[in-house]
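1. Got a predicted structure plus its sequence, pasted below:
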Amino acid sequence: LIDFMRKNLINSDNFRGGQNNRDQAPPPMPRTLNPHQIRFFRGILKGLKVKTGHLSYPRKYILTGVHNKNADEEMLEGTNSSVTNYFLAQYNITLRYPKLPLLMVGRRTKLPIELCEVLEQPYFTALEPAQQRDIIRTACSEPEQKMKEINSAAREVAQVTTGFAGQPYGFEINTNAIAITGRVLPVPNMDASSKLSTVDRGEWRMKVVKKKAGNVSDVKIGVISLSPRTRYTQALHETFVRMLLERARAMGIGINERRAIPVSFSRIDELSEKLKRNHETYNFIILDQDRDYGSVKLTERNDQKTQCLKLQSVEKVCGTAYNPRGGPSRPDINTLDNILKKFNAKIGGVNWSIDVLGLPSNIFNIPTMIIGADVTHFTRGENKPSIAAVVASCDQFAGQYISRIKVLYPEEGRRSVEYISGMDEIVEGMLKEFFKKTNKTPGRIIYYRDGVSEGQFENTVMEELGGIQDACTSLHANYKPKISVVVCTKRHKQRFVVEGQQQRGAGSSRGRGGRGGGGGYNNMAPGTVIDTG
């Protein structure tokens, strides 16, 4: 457990606003923990299964929390002996970290951290953002490496299975992967007015936005920093504003450069009042800690929009971020482009659009609305409702989107909600918004749904499809557009790689791939369809 905590010390620093450098080695375990670190470890250690070995037999526990006293401070009940002295006298164990807080198991039992060993187990507690990044980096491997692991596991299974089932049943496992032929859909053409570069593997470079917001010159922009003046300095602010305006001019967004962009400083608990008093209608909020994001968004008002930026992102834009390779950093124009694209979209502009009339099957030959929906469930230990998010296109080019959020409370005795209740009300409002912008109602609706388990597939789809249909008939009894439902599933056991060297272009996917590790296997190109085999 000491080693587990030592590796997470970097994440605990990020928890209180520090920078998590992936190349940084884990620091040595300190003799004591500060209040920020204790609060961080309380969250990730609760519910963890551990075992101890100081008894004559191994004993397993489930951690319930972190005690506010250490082994030197905690006295055994009815005695003047500390926990440190007790383990020395009873088990001849000298604790190396007597100043670390004790761990709680149950209501009364407390254990020193160094005597606990982490057991293999599923982890149901919510992860911090830094932990999520670490898991993604660990799980992400090159196609070549992934296939080596899969082939090795297949040979091991075949060897074991042949030993006990080969002779009696004539059972044999083919350890070779199944070879199938796929195809790559042709790349859609971008709208010529968007002035975009050629699309390559799902990526393109946007030189200018398709359409700036009509009221962009009236938008009053401000910067509010939750980071202290010592970190978000005046020099950094001036550089960021200068680069923001220059890049906005180049992208055709048209921010009013004659109006100054002021900076002010605030604590997170003062932000709501700060926003009420200032006159800016669009505020960039420089975060001090990643976890402040949710609190910031709760302060947003109808007449004021906020856009959160990490301090590290601003430093990347300005070329002052830490460079792990050494030497000076370069300004990150891609990050600045992403900031401005979000700004343009939030004030009503359109960043880009595809040539919808050139798509196959004439999907957009009639007014078409694209809807996407997902439901987020919190972890088992958190007694919180599920959150549904629904987005829908509201223009004829599928370039502008509106969103709706709904809190879903589970029925008594259930942990979560599988389907989105009240879908009719959500979609009805979106259809009215589509009509307001285009003066037409959609003749076709394409509904993408994520996060549906196999067991809930039919019930969820039929419930939500019924809600969409009810929303249509509520506008007009005879309004019955064509509706297509597409369920997106990620949690399946199939793994696909492309055999052969990397190539570009559309056509058959055999021998063609996206980015990969080179050699015999590569990732599939975006737009790959496998519908045979």
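-> Received, thanks.
2. Please, where are all the helices along the stretch 1-150 of the chain?
-> 2-7, 9-15, 35-45, 83-91, 129-139, 143-161 (DSSP state H, counting those that start in this stretch).
3. Show me the one of those helices that comes nearest Val485.
-> helix 129-139 (29.6 Å; CB to CB). (Each C-beta comes from the backbone N, C-alpha and C, glycine too.)
4. Compare the helices of the stretch 1-150 of the chain and give me the one nearest Val219.
-> Closest of those to Val219 is helix 129-139, at 29.9 Å (criterion: CB to CB).
5. count of neighbours near Val486?
-> 11 (other CB atoms under 10 Å).
6. That one is in contact with Val452, isn't it?
-> No - checked against CB atoms under 8 Å, the pair Val486 and Val452 is beyond contact range at 10.9 Å.
7. Pick the most deeply packed of the helices of the stretch 1-150 of the chain.
-> Across these, averaging neighbours per residue (mean count of other CB atoms under 10 Å) puts helix 9-15 on top, at a mean of 21.
8. re earlier: between the helices of the stretch 1-150 of the chain, which one is nearest to Phe457?
-> By CB to CB (comparing all of the helices of the stretch 1-150 of the chain), the closest turns out to be helix 129-139, at 26.0 Å.
9. name the helices or strands packed onto the closest one?
-> helix 9-15 (3 or more CB pairs under 8 Å, 6 or more residues apart in numbering; DSSP states H and E).
10. Rounded mean pLDDT for the helix it packs on, please.
-> The pLDDT scores in helix 9-15 average 63.
11. weakest of the helices of the stretch 1-150 of the chain by average pLDDT?
-> Among the helices of the stretch 1-150 of the chain, helix 9-15 scores lowest, at a mean of 63.
12. Tell me which residues touch the closest residue to Ser393 other than its chain neighbours, please.
-> Spatial nearest neighbour of Ser393, chain neighbours left out: Ile370 (4.6 Å); criterion: CB to CB, 6 or more residues apart in numbering. Applying CB atoms under 8 Å, 6 or more residues apart in numbering, we find Ile370 in contact with Ala392, Ser393, Ala398, Ile445, Ile446, Tyr448.
13. Out of those, which comes closest to Asn70?
-> Of the contacts of Ile370, the one sitting nearest to Asn70 (CB to CB) turns out to be Tyr448, at 52.5 Å.
14. From the contacts of Ile370, pick the one nearest Pro101.
-> Out of the contacts of Ile370, the member with the shortest distance to Pro101 (by CB to CB) is Tyr448, at 47.2 Å.
15. Ile285 contacts Gly222, doesn't it?
-> No - under the criterion of CB under 8 Å, Ile285 is not in contact with Gly222, lying 9.6 Å apart.
16. quick one, which of these two is more surrounded?
-> Neighbours were counted for Ile285 and for Gly222 using other CB under 10 Å; Ile285 has more, 24 against 20.
17. Cys140 and Lys146: what is the separation?
-> 9 Å (CB to CB, to the nearest Å).
18. Out of the helices of the stretch 1-150 of the chain, flag the one nearest Gly254.
-> Gly254 lies closest to helix 129-139 among those, at 34.1 Å (CB to CB).
19. now that closest one against helix 35-45, angle please.
-> If you take axes from the mean of the first three to the mean of the last three CA atoms, to 10 degrees, helix 129-139 sits at 50 degrees to helix 35-45.
20. could you dump helix 129-139 to CSV, C-alpha only?
-> Extracted in CSV, the C-alpha atoms of helix 129-139 (Å, rounded to 0.1, in the frame of the first residue of the first chain):
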residue,chain,number,x,y,z
PRO,A,129,-8.7,13.2,-13.7
ALA,A,130,-5.0,12.4,-13.3
GLN,A,131,-5.7,8.8,-12.5
GLN,A,132,-8.0,8.5,-15.5
ARG,A,133,-5.2,9.8,-17.7
ASP,A,134,-2.7,7.3,-16.2
ILE,A,135,-5.1,4.4,-16.9
ILE,A,136,-5.6,5.5,-20.5
ARG,A,137,-1.9,5.8,-21.1
THR,A,138,-1.3,2.3,-19.5
ALA,A,139,-4.1,0.6,-21.5
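21. before we move on, the earlier item: columns distance to Gln234 on top of the helices of the stretch 1-150 of the chain, output as CSV?
-> What follows is those, written out as CSV (distance: least, CB to CB, whole Å):
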stretch, distance to Gln234
helix 2-7, 38
helix 9-15, 26
helix 35-45, 28
helix 83-91, 50
helix 129-139, 29
helix 143-161, 47
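22. For Ile255, which of those is the nearest?
-> Checking these against Ile255 by CB to CB gives helix 129-139 as the closest, at 30.2 Å.
23. How far does the closest one sit from its chain's centre?
-> 11 Å (CA atoms, centre = their mean, to the nearest Å).
24. Ok, stretch 439-448 next?
-> The answer for stretch 439-448 is 28 Å, by CA atoms, centre = their mean.
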